[in-house]
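In: I'd like to go over a predicted model; first the sequence, then the structure.
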Amino acid sequence: MSHTPDYFRALLGLRTLTPLHAGVAGGSHILDRPIHRDVHTQLPKISSNALKGALREYGLAKNAEELFGKTDVSNGGSASGCLNFTDVRLLFFPVRSAVGGWAWVTSPSVLHKFWHEAKLTGHGKETDASRDFFAALGHQIGDSAVYAGQRLASDKYLILQNYSFPIDKRLEKNQVESWQCEVVLLKSLEALAEHLVIVSDENLREFTLRYTEIHVRNKIHDATRATGGGLLFSEEHLPANTVLYALAFSMPDREQQEIENKLSQQIRCIRIGGNASLGKGFCTLNWYFPSNNHSLSS
């Protein structure tokens, strides 16, 4: 029987420290520079090439070409690296709450997808706690919230931004906390059960479409390097405290411990997207490895 290589895999957790603009070309008459969104769900995401470029820029200098590829065509041409990344997906979106200040909002589809993908990296084992959580969660919600942290709920209702949601309470706090202990990325989020809100996929999409940050800025004349009349443009940002995740894999011939050793000096904070001089796009970065459920965390 042939031996299956222990190829490298990891779960990456990102949390925005400042507003982040990872955009796409083109816009509309309302928004000049929108952020990148999934074509089907319309949920925000960050492309894998933006993540890979940021990782290459912010550390691992001595291993950059081996891990991320060689791009210097003037000195031997280009070559692919041994690491592959998925797009960075939304996990929890911060929204203002009338009680408790703010909430981390998510939905059943997002949680189911995250759980499935976490298992691909050696996290998220099937246990009684996880089965109980997802059995209670289900897929269909309607216009209620199936869970709201105790800091957020006022009587039987939850008020996020200008919207009110009844709480059907199909999930209890102990179920959320038990499931949270199953994945090290979730365990690193302090007071998750207190700030978590689970709404329908449709309502989550509406929150991410309506309550991103919109910044209006001045364009600069190329010739004069100064602003001029009628040269304003709008730019969309993910708000600070957004939680996202991605997956990383190696080529089949690279073993787990080999790549982990090369990541041992990985920086814990990176910047993704544009507007570096304006202090935008800074994120904490945690690498979570399957072996012994350990991590390189901030």
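Out: Arrived safely, thanks for sending. Residues are numbered from 1 along each chain as shown.

In: Give me the number of neighbouring residues for the nearest residue to residue 238 once chain neighbours are set aside.
Out: In this structure, residue 238 finds its nearest non-sequential neighbour in residue 20, 4.5 Å apart by CB to CB, 6 or more residues apart in numbering. Just so you know, the C-beta spots here come from the backbone N, C-alpha and C atoms, and that holds for glycine as well. The criterion is other CB atoms under 10 Å. On that basis, residue 20 has 29 neighbouring residues.

In: so where is this protein shaky, pLDDT-wise?
Out: For the chain, applying pLDDT under 70 flags the ranges 1-5, 25-29, 59-62, 71-79, 219-231, 264-267, 276, 291-298.

In: center of it - which residue?
Out: Geometric centre of the chain, nearest residue: residue 244, 1.1 Å, by CA atoms, centre = their mean.

In: ok so, going back, the residue nearest to residue 238 contacts residue 281, correct?
Out: Yes: assessed by CB atoms under 8 Å, residue 20 is found in contact with residue 281 at 4.5 Å.

In: quick one: the residue nearest to the centre of the chain and residue 172, what's the gap?
Out: Applying CB to CB, to the nearest Å, the value for residue 244 to residue 172 is 27 Å.

In: same thing with residue 69?
Out: According to CB to CB, residue 69 and residue 172 sit 47 Å apart.

In: And residue 41, by the same measure?
Out: Distance of residue 41 to residue 172, computed by CB to CB: 28 Å.

In: buried stuff in the helix or strand hosting residue 112?
Out: Assigned by DSSP states H and E, residue 112 falls within helix 108-120. Buried residues in helix 108-120, counted by 16 or more other CB atoms under 10 Å: 108, 110, 111, 113, 114, 115, 117, 118, 119.

In: Would you mind naming the residues that bridge with the closest residue to residue 35 other than its chain neighbours?
Out: Of all residues not flanking residue 35 in the chain, residue 236 sits nearest, at 4.7 Å (CB to CB, 6+ apart). On the basis of DSSP bridges, residue 236 is bridged to residue 214.

In: got a list of what residue 236 touches?
Out: 21, 23, 31, 33, 34, 35, 212, 213, 214, 215 (CB atoms under 8 Å, 6 or more residues apart in numbering).

In: Go ahead and confirm the last one touches residue 237.
Out: Yes: if you go by CB under 8 Å, residue 215 and residue 237 touch, sitting 6.2 Å apart.

In: of those two, who's got more company?
Out: Neighbours were counted for residue 215 and for residue 237 using other CB under 10 Å; residue 237 has more, 25 against 15.

In: Counting neighbours, what do you get for the closest residue in space to residue 9 that isn't next to it in sequence?
Out: The shortest distance from residue 9 to any non-neighbouring residue, by CB to CB, 6+ apart, is to residue 121 (4.6 Å). Residues within reach of residue 121, counting by other CB under 10 Å, total 21.
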